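Engineer: Would you be able to build a 3D model of this:
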Amino acid sequence: MRLLRALALVVLSSAAFSCASSGRPAAGAPPLAEARLSEVRDLISSGSILQSYQEISLMRREAPTGLAPGELDGLETQADEGFVAAFQKAVAEKGWDDALRYLRSALALGRPDLTGSWTEKSLLDAQAGGFDSSGEALLSLLTRLRAVAIGDPSEADLSAALEKASALGNRALARSLAARMRVRGFPVPQLPGLAEGPAPFADMLEGTVTIWVNRGIRIEKGVGFPDRVIGSGFFIDTRGYLLTNYHVIKSEVDPTYEGYSRLFIRFNETTGEKIPAKVIGFDTVFDLALLKAETTASYAFGGSGSERGIPGDRVFAIGSPAGLEKTITSGIVSATGRRFLQMGDTVQVDVPVNPGNSGGPLLNEKGDLIGVVFAGLEQFEGINFAVPYLWIEKVLPLLFKGGEAVHPWMGAALAETEKGLEVLYALPGSPAARAGLASGDILVTFNGALYSSLRDVQEAILSFSPPSLVRISFRRGAALTEAVLCLGERPQSPIETALKKDTRENVLYPLFGIKLERAGASLLRNSFVVKRVTRGSVADEAGLSENDPLTIQDWKVDNKKGYAVLQLYVKKRKAAFIESVVQIASYLETDNFI
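Structural biologist: Residues are numbered from 1 along each chain as shown. Reported below is the predicted structural model:
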């Protein structure tokens with residue numbers, strides 16, 4: 001199955017911890033201030049400790065009148081008590097992911113005292129040790145990689161990660177870790193995973209399978225046809241864990257699908273034997289799914305975030321085009337940084353792929369996994385795409401948790417402008433809006449780091465789990481503001497969520513790149529003037545520009561097909577204000593939200 005774009009993200013809520021609350025607002029406090037204080041107390045008492053810090057931070061900046069001296073200090077003390085209790089509970093129960101959220105939030109607050117002597121590395125080491133005890137070697141390795149990415153890793157840390165990579169047969173990662181050790185002057189042990197040259201293609205073929213999804217019988221004009229979805233997959237763990245595309249197995253987990261669906265894998269067409277498989281976890285943003293089959297694989301693929309293809313590099317794809325299993329095709333990397341996903345980017349290749357290749361591995365000449373094939377443009381020969389390994393490595397721990405992957409977000413749409421990362425839109429009620437961000441602000445720093453690329457700040461956000469506190473700074477005019485923000489859970493479709501919560505006119509800016517202002521009297525509610533057009537947006541490509549007067553003639557949103565169409569009656573300034581009808585369309589799945 002070939003796609004033009006990746007699927008939208010489904011996110012779920014996460015658990016919070018409880019603590020007690022107390023205190024009343026000062027007598028005579030304005031109703032609005034009293035309501036806000038009551039909201040903070042409710043957040044603390046309900047266990048939404050991290051969200052309460054964001055509200056306290058905003059109130060300190062705005063300094064509302066009518067508050068008694070020390071009112072916010074008292075609330076923050078209550079939040080501190082709840083924070084410490086929640087962190088200690090997470091550590092005691094070995095809930096390392098929750099403990100890490102709280103520790104990183106404490107660092108964002110500038111309050112390392114809230115987590116005692118624990119550090120991010122010591123928590124990751126404890127988590128890796130737990131995975132070792134339970135036999136989860138791959139998860140242990142991924143956790144150790146996060147640990148060695150912090151600061152200046154020791155020889156023991158690098159050596160332990162190298163041994164894990166070698167034992168799992170991940171040659172790409174083993175080479176990368178060995179190179180880091182040599183740079184640091186550490187001795188490199190002789191391990192099988194450091195063998196020169198790629199594994200034989202015959203071995204790699206044994207690590208790939210055909211994915212079969214049997215959806216029963218499809219009736220067309222009274223005639224029944226077998227309804228089958230065929231894709232590709234590959235082992236990442238010899239215990240039977242495989243990766244493929246979400247869109248291949250969508251009917252297995254999509255709650256809106258009401259038909260028959262059964263999932264199998266097949267090793268080769270000679271025997272025709274199909275082994276039942278189940279979906280462990282899936283991610284609609286990066287179009288990935290983790291499967292488990294009761295089998296032992298003879299080969300498991302591995303990669304390294306440092307092994308990234310560049311234009312001109314020779315690459316190979318393995319898959320089952322049209323069901324022809326274990327087919328190898330070759331080509332080159334055509335381009336990198338293509339923005340076809342809600343977050344991150346993709347690599348463009350000219351490797352021949354066809355329906356059935358989806359979910360197969362993309363390899364470099366060393367045999368390293370550098371991506372997962374997910375889409376091709378059917379009407380154009382040799383334009384195909386893969387999800388880079390960088391994003392796969394970030395998503396894998398979420399897939400192993402099971403169910404739908406949960407990603408964090410701020411709730412703001414940004415654009416790369418000459419001023420910097422400009423906020424186009426902040427969803428009402430989102431973390432960004434509650435932290436004070438508004439359209440026109442420039443995001444300067446995220447957790448102390450400067451960013452000018454939307455892709456880079458999205459990568460930074462992906463390293464957190466919601467809810468987590470981060471510190472941001474933004475510029476509004478000449479004023480620079482610092483704020484504490486609590487990352488929330490990204491909705492399945494940010495634009496569709498915005499259309500439910502906000503006016504159509506406000507959502508046009510992040511959707512089409514056009515900011516409108518109402519013009520004329522109330523009787524002319526449908527008349528507007530263009531205030532801003534984002535460079536490179538749909539509106540920009542349609543020739544719209546600032547100060548163009550226009551009227552919205554028609555507006556259509558097709559949620560099922562995932563697009564919106566806007567029909568405008570406009571007098572273009574660039575065309576001497578000659579009247580014309582312009583129709584612009586955009587996918588609801590935009591890539592500008594963080």
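Engineer: next SSE after the top helix by length along the chain?
Structural biologist: When the chain is scanned for its longest helix (criterion: DSSP state H), the result is helix 71-92. Downstream of helix 71-92, the first helix or strand assigned by DSSP states H and E is helix 96-109.
Engineer: Does anything pack onto whatever helix or strand comes next after that following helix? Which helices or strands?
Structural biologist: Where DSSP H and E defines the elements, the next helix or strand beyond helix 96-109 is helix 120-133. Helices and strands touching helix 120-133, as assessed by 3 or more Cβ pairs under 8 Å, 6 or more residues apart in numbering; DSSP states H and E, comprise helix 96-109, helix 137-148. Just so you know, the C-beta spots here come from the backbone N, C-alpha and C atoms, and that holds for glycine as well.
Engineer: List the residues that contact Val188.
Structural biologist: Counting by Cβ atoms under 8 Å, 6 or more residues apart in numbering, Val188 touches Leu162, Ala178, Met181, Arg182, Leu194.
Engineer: can I assume the second one is in contact with Pro187?
Structural biologist: If I follow you right, that is Ala178. No: using Cβ atoms under 8 Å as the test, Ala178 is too far from Pro187 to be in contact (10.3 Å).
Engineer: so can I have CSV of the helices and strands packed on helix 120-133 showing mean neighbour count?
Structural biologist: Formatted as CSV, the helices and strands packed on helix 120-133 follow (neighbours: other Cβ atoms under 10 Å):
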stretch, mean neighbour count
helix 96-109, 22
helix 137-148, 21
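Engineer: With distance to Asp73 and mean pLDDT as extra columns, can I get the ones you listed in a markdown table?
Structural biologist: A markdown table is the format used below for those (distance: least, Cβ to Cβ, whole Å; pLDDT from 0 to 100):
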| stretch | distance to Asp73 | mean pLDDT |
| --- | --- | --- |
| helix 96-109 | 14 | 97 |
| helix 137-148 | 35 | 95 |
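Engineer: possible to save these as JSON lines with distance to Val530?
Structural biologist: Formatted as JSON lines, these follow (distance: least, Cβ to Cβ, whole Å):
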{"stretch": "helix 96-109", "distance to Val530": "38"}
{"stretch": "helix 137-148", "distance to Val530": "46"}
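Engineer: So between Ala178 and Pro187, which is more surrounded?
Structural biologist: Ala178 (21 against 9; other Cβ atoms under 10 Å).
Engineer: and that one, what element?
Structural biologist: Counting by DSSP H and E, Ala178 is part of helix 171-184.
Engineer: Give me the buried positions along the helix or strand following that helix.
Structural biologist: Scanning forward in sequence from helix 171-184 by DSSP H and E, the next helix or strand is helix 201-206. Residues of helix 201-206 classed as buried by neighbour count (16 or more other Cβ atoms under 10 Å): Met204, Leu205, Glu206.
Engineer: Beyond helix 201-206, next helix or strand please.
Structural biologist: Following helix 201-206 in sequence order, the next helix or strand is strand 208-220 (DSSP H and E).
Engineer: What strands line up against that following strand, and which way round?
Structural biologist: Looking at strand 208-220 with DSSP bridges, its partner strands are strand 223-237 (antiparallel), strand 262-266 (antiparallel).
Engineer: pull the CA atoms of it into CSV?
Structural biologist: The C-alpha trace of strand 208-220 is given here as CSV (Å, rounded to 0.1, in the frame of the first residue of the first chain):
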residue,chain,number,x,y,z
THR,A,208,12.1,-10.0,6.6
VAL,A,209,8.5,-11.2,6.3
THR,A,210,5.3,-10.5,4.4
ILE,A,211,2.5,-9.0,6.5
TRP,A,212,-0.9,-10.4,5.7
VAL,A,213,-4.1,-8.8,7.0
ASN,A,214,-7.2,-10.8,6.1
ARG,A,215,-10.3,-8.6,6.1
GLY,A,216,-12.7,-11.2,4.8
ILE,A,217,-14.8,-10.7,1.7
ARG,A,218,-15.4,-7.4,0.0
ILE,A,219,-18.7,-7.1,-2.0
GLU,A,220,-18.6,-5.0,-5.1
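Engineer: Please name every helix or strand in contact with the longest helix of the chain.
Structural biologist: Counting by 3+ Cβ pairs under 8 Å, 6+ apart, the packing neighbours recorded for helix 71-92 are helix 31-45, helix 49-62, helix 96-109.
Engineer: possible to save the ones you listed as a markdown table with distance to Glu307?
Structural biologist: Output for those, formatted as a markdown table (distance: least, Cβ to Cβ, whole Å):
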| stretch | distance to Glu307 |
| --- | --- |
| helix 31-45 | 44 |
| helix 49-62 | 36 |
| helix 96-109 | 27 |
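Engineer: residue ranges for the helices of the stretch 301-450 of the chain, please.
Structural biologist: Taking DSSP state H, counting those that start in this stretch as the test, the helices found in the stretch 301-450 of the chain are 389-401, 431-434.
Engineer: got the contact list for the longest one?
Structural biologist: If I follow you right, that is helix 389-401. 136, 138-139, 142-143, 145, 236, 243, 280-283, 286, 288-290, 303-305, 307-308, 344, 369-372, 405-407, 459, 462-463.
Engineer: Give me the buried stretch members for stretch 324-344, please.
Structural biologist: Neighbour-count burial for stretch 324-344 [16+ other Cβ under 10 Å]: 325-327, 329, 331, 333-334, 336, 340-344.
Engineer: How far away from the center of its chain is the helix or strand of the chain with the lowest mean pLDDT?
Structural biologist: In the chain, no helix or strand scores lower on mean pLDDT, DSSP states H and E than helix 31-45, which sits at a mean of 85. Relative to its parent chain, helix 31-45 has a centroid offset of 32 Å by Cα atoms, centre = their mean, to the nearest Å.
Engineer: quick one, that helix and helix 71-92 angle?
Structural biologist: Going by axes from the mean of the first three to the mean of the last three Cα atoms, to 10 degrees, helix 31-45 is angled at 20 degrees with respect to helix 71-92.
Engineer: I'd like to know which elements helix 31-45 is packed against.
Structural biologist: By 3+ Cβ pairs under 8 Å, 6+ apart, helix 31-45 packs against helix 49-62, helix 71-92.
Engineer: Burial-wise, tell me which of those comes out on top.
Structural biologist: helix 49-62 (a mean of 21; mean count of other Cβ atoms under 10 Å).
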